[in-house]
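[1] Sequence and predicted structure are below.
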Protein chains: 2
Amino acid sequence: MNQSNSIRHKIHCLWKIAGFALVGYTAFSPMTYAADSSPALFNINNELLQPEGYREWVYVGTTVTPHDMNNGKAEVPEFHNVYIDPKSFTHWKKTGQFRDGAMVVKELLSVGAKKALTGNGYFMGEFTGLEAAVKDSKRFPDEPGNWAYFMYGMKYPLPRKATAKPTAECNACHQANAKDDWVFTQYYPVLQAAKPNK
Amino acid sequence: MNQSNSIRHKIHCLWKIAGFALVGYTAFSPMTYAADSSPALFNINNELLQPEGYREWVYVGTTVTPHDMNNGKAEVPEFHNVYIDPKSFTHWKKTGQFRDGAMVVKELLSVGAKKALTGNGYFMGEFTGLEAAVKDSKRFPDEPGNWAYFMYGMKYPLPRKATAKPTAECNACHQANAKDDWVFTQYYPVLQAAKPNK
C-alpha cells in the first residue's frame, strides 16, 4: 500500500468508526423523553433526571405545612410550590385533562420568617427539596393513571436523578384523594380557574 | 374637471383622509405601554389596565398572612402570589436589575383549608384580589425608583383599571424596606436564586 492509499484507507476507517458511533448513539441513546415535547427525561435505568428550568414553567399553587403547626416536624416541610410544564398547561386549558407526558414538579422551601411589615404569617426561606410526577402510559402502563412519582430528597445538594417510588408510597394516596386525575387540583387554584367547562 | 380628473381628485382626498387618520391614531392612541415589550398597558388617563395572562408569567414567591394570625383581619389577606413578566425576568437573570417597563403582579387568595393529608397548614382557597407595580421612568419620573403601585381591590369582580396610588401609600414603604430596587426580593426566593453575582 503506497502512502496515498494508506491515507485513503485511514480516512475510510475513520468514516466507518464515525458511522458506527452515530448508529450506536441513535440506537442505544440512554436518554428518552416521556412523550413528544414532554420535559420528563429518563436515562436507560428508567431514572428521571432532575428537571431543568421548571421555575419558568406555569405555577399552579402553593401549600404550606410548617413545622410549628405539626408538632415540630412536618411530614413534607414546609412551603410547597407546584408547577406544570407549559405544554401540559395549554392542553389542560383546552381539555381539562393531563396529557401523556405531563410533568408536575413540587419544590420545597423552608419557612424563613413569621413576621413582616404586612403582618404575621409565613414567609419563604431557602429551597430545600424537589419532587416530581410524570404521566407516561408507555413507561408506566401498570401504574394507576399512568402516574409515577419521584423524590429528589428534602435537603440540598439534591441527587441528579431519582427512581419511581413504589405505587403504595405515593400513587395510592393520590388516586384516593386527588380531585383530577391523580393531581390535587383542589389546592391549585390556577389549574381550577383554567379548567374548561367547570 | 372631467370625469378622469374627478376620480383622481377623489382618490387624492381619500389618501389625505387616510393619512390624517393614521397620524391621529399614532398621536392620540389612547393605549400606551410602559416601555418596549412591557405588558403594562395604560389608557389616556394614565390608568393601568388589568394585566392579562400573568398566571403564565414567571412566579417568584408566595407569602401568607392569614386572618387567624392577625387578630381576625389581615391587612392584605391572605395568600399573596407574586409574578414578574418574563422579559423582565430574563433581564433580571442577566443583570440583577429590573428593566424600565418591568411589571410585578401580586395576586391575593383566601385560605381555603387548614388541614390536609400532608398535615396542618394553610391551603389556598379562592382568588380574591390583584395588585401591580410598574417601573416606568418616562411615565413616573417623580416616583422614587420610577415605581408606581396599583390596586384592583380585594374582592371580585375587580375593576378593569386602576390609578397609581399616592407615593406615601406604597412606594415609601417599598423604598425603605425592599431588598432590591423597591421589590421585596427577600421574600421571593426565585428572584434571589436567579440573581447573578450574588
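    Cool, got the structure.
[2] May I ask which helix or strand of chain A has the lowest mean pLDDT?
    Within chain A, no helix or strand scores below helix A:3-28, which has a mean of 56 by mean pLDDT, DSSP states H and E.
[3] Where does the spatially most central residue of chain A sit, in terms of helix or strand?
    Nearest to the geometric centre of chain A sits residue A:132, at 3.9 Å (Cα atoms, centre = their mean). In the assignment (DSSP states H and E), residue A:132 maps to strand A:119-135.
[4] Now that strand: average pLDDT?
    Per-residue pLDDT over strand A:119-135 has a mean of 98.
[5] Which elements pack onto it?
    When contacts are defined as 3 or more Cβ pairs under 8 Å, 6 or more residues apart in numbering or on different chains; DSSP states H and E, strand A:119-135 sits against strand A:103-116, strand A:147-151, strand B:58-64, helix B:189-194. All C-beta atoms are positioned from the backbone trio N, CA, C, and that covers glycine.
[6] Please identify the deepest-packed of those.
    Burial of these is given as mean neighbour count (mean count of other Cβ atoms under 10 Å in any protein chain shown); strand B:58-64 ranks first at a mean of 27.
[7] Mind listing the strands that one pairs with, and their directions?
    Strand B:58-64 pairs in its sheet with strand A:119-135 (antiparallel), strand B:79-84 (antiparallel), by DSSP bridges.
[8] So, low pLDDT: which residues of chain A?
    Counting by pLDDT under 70, the ranges of chain A that qualify are A:1-29, A:198.
[9] same thing but 90
    Along chain A, segments meeting pLDDT under 90 span A:1-30, A:34-36, A:171-172, A:197-198.
[10] that older thread, put together CSV for the strands paired with strand B:58-64, with distance to residue A:81 on each row.
    As requested, those are exported to CSV (distance: least, Cβ to Cβ, whole Å):
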stretch, distance to residue A:81
strand A:119-135, 8
strand B:79-84, 10
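[11] which residues touch the residue nearest to the centre of chain A?
    The neighbours of residue A:132, taking Cβ atoms under 8 Å, 6 or more residues apart in numbering or on different chains as the test, are A:40, A:48, A:51, A:103-106, A:149-150, A:152, A:162.
[12] can we see that at 7 Å?
    A:48, A:51, A:103-105, A:150 (Cβ atoms under 7 Å, 6 or more residues apart in numbering or on different chains).
[13] Could you point out the helix or strand that follows the least confident helix or strand of chain A?
    That would be, after helix A:3-28 and using DSSP H and E, strand A:32-33.
[14] element containing residue A:167, please.
    If you go by DSSP H and E, residue A:167 is not part of any helix or strand.
[15] Please apply the same query to residue A:176.
    Taking DSSP H and E as the criterion, residue A:176 maps to helix A:171-177.
[16] So which bits of that helix are buried?
    Using 16 or more other Cβ atoms under 10 Å in any protein chain shown as the test for burial, helix A:171-177 gives A:171, A:174.
[17] helices or strands up against that helix?
    Applying 3 or more Cβ pairs under 7 Å, 6 or more residues apart in numbering or on different chains; DSSP states H and E, one finds that helix A:171-177 contacts strand A:147-151.
[18] Next to chain B, which bits of chain A? Give me the list.
    Listed as neighbours of chain B in chain A under the rule Cβ under 7 Å from any Cβ of the partner chain: A:55-56, A:58-59, A:61-66, A:69-70, A:74-76, A:109, A:116-124, A:126-127, A:173, A:177, A:187, A:189-190, A:193.
[19] Would you map out the domains in chain A?
    Domain assignment for chain A by automatic domain parsing gives A:1-29, A:32-194.
[20] Highest mean neighbour count out of those?
    Sorting those by mean neighbours (by mean count of other Cβ under 10 Å), the first place falls to domain A:32-194, with a mean of 19.
[21] Appreciated, that's everything.
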